[in-house]
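Novice: Pasting the sequence and the predicted model now:
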Amino acid sequence: MENNVVLTMRGITMTFPGVKALDNVDFTLRKGEIHALMGENGAGKSTLIKCLTGINDFEAGEIRVDGVDHPVKNRSTMDAQKIGISTVYQEVNLCPNLTVAENLFIGREPMTALRTIDRRKMVKQADELVKRLDIKVDVTQNLENYSLAIQQMIAIARAVDMDCKVLILDEPTSSLDDSEVEKLFKLMNQLKDNGVGIIFVTHFLEQVYAVCDRITVLRNGTLVGEYPIADLPRVKLVAAMMGKDFDDLAAIKPEGFTYDADAPLEISARGLSHKGTIKPFDLDIHKGEVIGLTGLLGSGRSELARSIYGADKAQTGTLKVGGKDAKIKEPIDAMHLGMGMLPDDRKAEGIIGDLSVRENIILALQAKRGMFKQLSRAKQEELADKYIEMLQIKTASRETPIKQLSGGNQQKAIIGRWLATDPDFLILDEPTRGIDVGTKTEIQKLIIKLAGEGKSVMFISSEIEEMLRTCNRMAVLRDGQKVGELDGELTQERVMAAIAGGDSK
């Protein structure tokens, strides 16, 4: 192995039933570099990492790690950790009810001569570790008292303290705000300076260019190439990921895509609120309109949507749907009024992992019809096939368990679920989070198509650029309060100013 190389993967090949997930893939990681692993959903990024960390058993290929004099085949994440490979996932897998120190040393606590946990020593070592990595926490406090960003850093600190040579960060920034991302990048650069090789999996292109040294691109389970960051401008990266030259995303919105201010109102909310999450707000949404909810994380965007849909029952105010007074106590009431809602957490509130793609797609329509009006198997299959084709869902078959699909394809299936109910008003909460550029574009085009068919769409996204591409109008939120609305020509500057200052002009 070359002097500065910490990890090589050569010819890695793996097949799932009906799908070649990895086909002869190579990957090289050097000491003290941050290396982005990029590709669309289903490209094979997660599968490659699982082959490295012992979760997947690959069929062919060889892995070598610096300091190990034979090819490595990890059988578990514990095996991987023993040779210096640690992973920190998007969902922090620590124990929030334990202290920071306990989390840092769980399973490897310092012991006294009497074989009890030496708490004083554990706290001292934990304190030294967080200070060394410049993480400002009290290690005696419970982990749950700290933000998600700090929890991510504690997970990284734990990995680093276990003598890690290779640190895998799998979508670590998708739930963080800009200042938290900055802190994480500072920590990553510090580890890089200490010689740790970091594999960074992300969908945020700007973050790749902010922090990475190299990029490896996968597509459909094959290696497209490895590039120094300076040799791969963004347009070329997107083209490499998608396998074609990519039109400017700004061209998605057709000319003259405006909502009709005189169109009938689909939704009219007056003084709706939910205690502790969203203050009383007024909002009108016209037929054929895409309205965006914008604001920083925690501003109340999801909470506003949930109070309209009945996922959080509104405690004050009135709601009209299609011009008629509506009482929505729970989501099924909203569904009967022609609403659908794609929640932002597809794992917890979206997919049912053990059910098939077909069963996941027909779920909402079946719930709307009730248990005594069962959809026939033929109708279920017809609907599933329709939305698999329409949304280009990559799946071996309609009967494949949905948990076997990539994140982006799971998301498409959940969108299919709501389209199957033929809603008049569709709430999409972060529908493109954690999915690739190509799928994002398809979803954005779909939103505009739905509006063109006269449906109303509420669109929530943390990415202002994609809202500018899809929305006719935006409601601005801050600290649980609607502070303004923007229409006319929407620009990034106007939106930023409104979020920062509540200025709706």
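Specialist: Cool, the structure landed. Remember, it's a predicted structure, so these values are computed and weren't measured experimentally.
Novice: Near residue 380, how many other residues are there?
Specialist: 20 (other Cβ atoms under 10 Å). C-beta here means a position set from N, CA and C on the backbone, and glycine is covered the same way.
Novice: residues touching it, list them.
Specialist: Going by Cβ atoms under 8 Å, 6 or more residues apart in numbering, residue 380 touches 358-359, 362.
Novice: at 7 Å what do you get?
Specialist: 358, 362 (Cβ atoms under 7 Å, 6 or more residues apart in numbering).
Novice: in which helix or strand would I find it?
Specialist: Following DSSP states H and E, one finds residue 380 within helix 377-390.
Novice: Keeping just the C-alphas, turn the helix or strand following that helix into PDB.
Specialist: Next helix or strand after helix 377-390 toward the C-terminus (DSSP H and E): helix 407-419. Below are the C-alpha coordinates for helix 407-419, written out as PDB (Å, rounded to 0.1, in the frame of the first residue of the first chain):
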ATOM      1  CA  GLY A 407     -34.000   6.800   0.000                       C
ATOM      2  CA  GLY A 408     -35.000   8.700  -3.200                       C
ATOM      3  CA  ASN A 409     -37.000   5.800  -4.500                       C
ATOM      4  CA  GLN A 410     -38.800   5.400  -1.100                       C
ATOM      5  CA  GLN A 411     -39.600   9.100  -1.300                       C
ATOM      6  CA  LYS A 412     -41.100   8.700  -4.800                       C
ATOM      7  CA  ALA A 413     -43.200   5.800  -3.600                       C
ATOM      8  CA  ILE A 414     -44.600   8.000  -0.800                       C
ATOM      9  CA  ILE A 415     -45.400  10.700  -3.300                       C
ATOM     10  CA  GLY A 416     -47.100   8.000  -5.400                       C
ATOM     11  CA  ARG A 417     -49.200   7.100  -2.300                       C
ATOM     12  CA  TRP A 418     -50.600  10.600  -2.100                       C
ATOM     13  CA  LEU A 419     -51.100  11.000  -5.800                       C
END
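Novice: ok so, going back, what comes up buried for the helix holding residue 380?
Specialist: 380, 383-384, 387-388 (16 or more other Cβ atoms under 10 Å).
Novice: next one: stretch 331-342
Specialist: Per 16+ other Cβ under 10 Å, stretch 331-342 contains these buried residues: 331, 333-335, 337-342.
Novice: just stretch 208-221 next, same as before
Specialist: 208-209, 211-221.
Novice: Which residues are in contact with the closest residue to residue 35 other than its chain neighbours?
Specialist: The shortest distance from residue 35 to any non-neighbouring residue, by Cβ to Cβ, 6 or more residues apart in numbering, is to residue 214 (4.8 Å). Contacts for residue 214 (Cβ under 7 Å, 6+ apart) come out as 33, 35, 226-229.
Novice: try residue 412
Specialist: Contacts of residue 412 (Cβ under 7 Å, 6+ apart): 391, 393, 439.
Novice: What number of residues are in the vicinity of the second one?
Specialist: Other residues within reach of residue 393, judged by other Cβ under 10 Å, total 26.
Novice: so it makes contact with residue 409?
Specialist: Yes: with contacts counted by Cβ atoms under 7 Å, residue 393 reaches residue 409, the gap being 5.2 Å.
Novice: which residues do the two both contact?
Specialist: Common neighbours of residue 393 and residue 409 (Cβ under 7 Å, 6+ apart) do not exist.
Novice: mind checking pLDDT for residue 298?
Specialist: Looking at residue 298, its pLDDT reads 67.
Novice: er, residue 267 actually
Specialist: 91.
Novice: okay, among the contacts of residue 214, which ones form the most distant pair?
Specialist: Spatial extent of these (Cβ to Cβ) is set by the pair 33 and 227 at 12.9 Å.
Novice: can you list the contacts of residue 412 in TSV and add distance to residue 161?
Specialist: As requested, those are exported to TSV (distance: Cβ to Cβ, whole Å):
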residue	distance to residue 161
391	44
393	42
439	37
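Novice: nearest to residue 319, of those?
Specialist: Using Cβ to Cβ, the contacts of residue 412 come closest to residue 319 at residue 391, 30.1 Å.
Novice: Could you check how far the nearest residue to that closest one once chain neighbours are set aside is from residue 432?
Specialist: Using Cβ to Cβ, 6+ apart and skipping the chain neighbours, the partner closest in space to residue 391 is residue 412 (4.3 Å). From residue 412 over to residue 432 the distance is 11 Å, taken as Cβ to Cβ, to the nearest Å.
Novice: Could you list every helix and strand in contact with the helix or strand containing residue 303?
Specialist: Assessed by DSSP H and E, residue 303 sits inside helix 301-309. Applying 3 or more Cβ pairs under 7 Å, 6 or more residues apart in numbering; DSSP states H and E, one finds that helix 301-309 contacts strand 265-274, strand 278-286, strand 290-294, strand 339-342, strand 425-429, strand 456-460.
Novice: Domain map for this protein?
Specialist: Per automatic domain parsing, the structural domains of the chain span 5-246, 247-338+424-435+451-505, 345-422.
Novice: hey, least reliable of the ones you listed by pLDDT?
Specialist: domain 247-338+424-435+451-505 (a mean of 83).
Novice: Work out the gap between that one and the centre of the chain.
Specialist: Relative to its chain's centre, domain 247-338+424-435+451-505 lies at 20 Å (Cα atoms, centre = their mean, to the nearest Å).
Novice: do the same with stretch 409-422
Specialist: That offset, for stretch 409-422, works out to 17 Å (Cα atoms, centre = their mean).
Novice: before we move on, what about stretch 430-445?
Specialist: With Cα atoms, centre = their mean, you get 11 Å for stretch 430-445.
Novice: What residues of that stretch count as buried?
Specialist: Those would be 430-444, for stretch 430-445 by 16+ other Cβ under 10 Å.
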